[in-house]
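> I would like to see how this sequence folds:
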Amino acid sequence: MKSHRKVLTLHIPGRTGFVNITEEVAAAVRASGVQEGLCLVNSMHITSSVFINDEESGLKQDYLRWLERLAPFNPGSDPAQGGYLHNRSGEDNGDAHHKRQIMGREVVVAITGGHLDFGTWEQIFYGEFDGRRDKRILIKIIGE
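Presented below is the predicted three-dimensional model:
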């Protein structure tokens with residue numbers, strides 16, 4: 001069994017955003033030499049995510065609006081008045097932890113014939129919910 005590890009580092013200049021990382025993951029699969037196996041792609045930070053969906057700008061905008069309704073960014077809100085208790089720690093990213101929980105930590109994609117074995121329209125995305133600094137994404141590939 002072969003194993004291959006690659007770490008991507010991304011820096012999103014804004015607080016939130018999505019980046020299509022499909023090509024970087026596909027390149028790691030090619031570099032691994034694995035023909036049949038699995039590829040794990042995992043955000044290594046608790047305020048970002050990795051997920052699979054369609055590459056369509058309206059969908060990404062819809063996600064940001066939907067997530068903001070579910071877990072609004074409100075750093076100055078008093079926890080006693082319904083603000084995030086997490087923000088009492090001195091951080092302002094209570095919402096980002098919730099957004100990550102909703103969007104997920106990781107994806108696993110089958111490798112068949114040396115390629116990512118996707119369904120129609122599937123792409124891999126990195127989702128950032130507390131940006132403005134470097135964040136890492138682990139790509140771990142195992143197989144034959």
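> Mind jotting down where the strands sit in this protein?
For the chain, the strands defined by DSSP state E occupy 2-11, 17-20, 36-43, 48-53, 106-112, 115-116, 123-128, 134-143.
> Tell me the strands beside the fourth one, with direction?
Same thing as strand 48-53. strand 123-128 (antiparallel) (DSSP bridges).
> go on, the fifth one?
Sheet partners assigned to strand 106-112 using DSSP bridges are listed as strand 36-43 (antiparallel), strand 115-116 (antiparallel).
> For the last one, give the mean pLDDT please.
This points to strand 115-116. What strand 115-116 shows for mean pLDDT is 98.
> Which residues does that strand contact?
Strand 115-116 has contacts (Cβ atoms under 8 Å, 6 or more residues apart in numbering) with T22, V25, A26, V29, C39, V109, A110, I124. Backbone N, C-alpha and C define where each C-beta goes, glycine included.
> wouldn't the fourth one be in contact with I111 here?
Read it as V29. Yes - with contact defined as Cβ atoms under 8 Å, V29 reaches I111; the gap is 5.8 Å.
> Give me the common contacts of these two.
C39, I141.
> The longest helix along the chain: which residues count as buried?
Longest helix of the chain, by residue count under DSSP state H: helix 57-70. For helix 57-70, burial by neighbour count (16 or more other Cβ atoms under 10 Å) applies to K60, Y63, L67.
> One more: stretch 125-138?
Neighbour counts over stretch 125-138 (16+ other Cβ under 10 Å) mark F125, Y126, G127, E128, F129, D130, G131, K135, I137 as buried.
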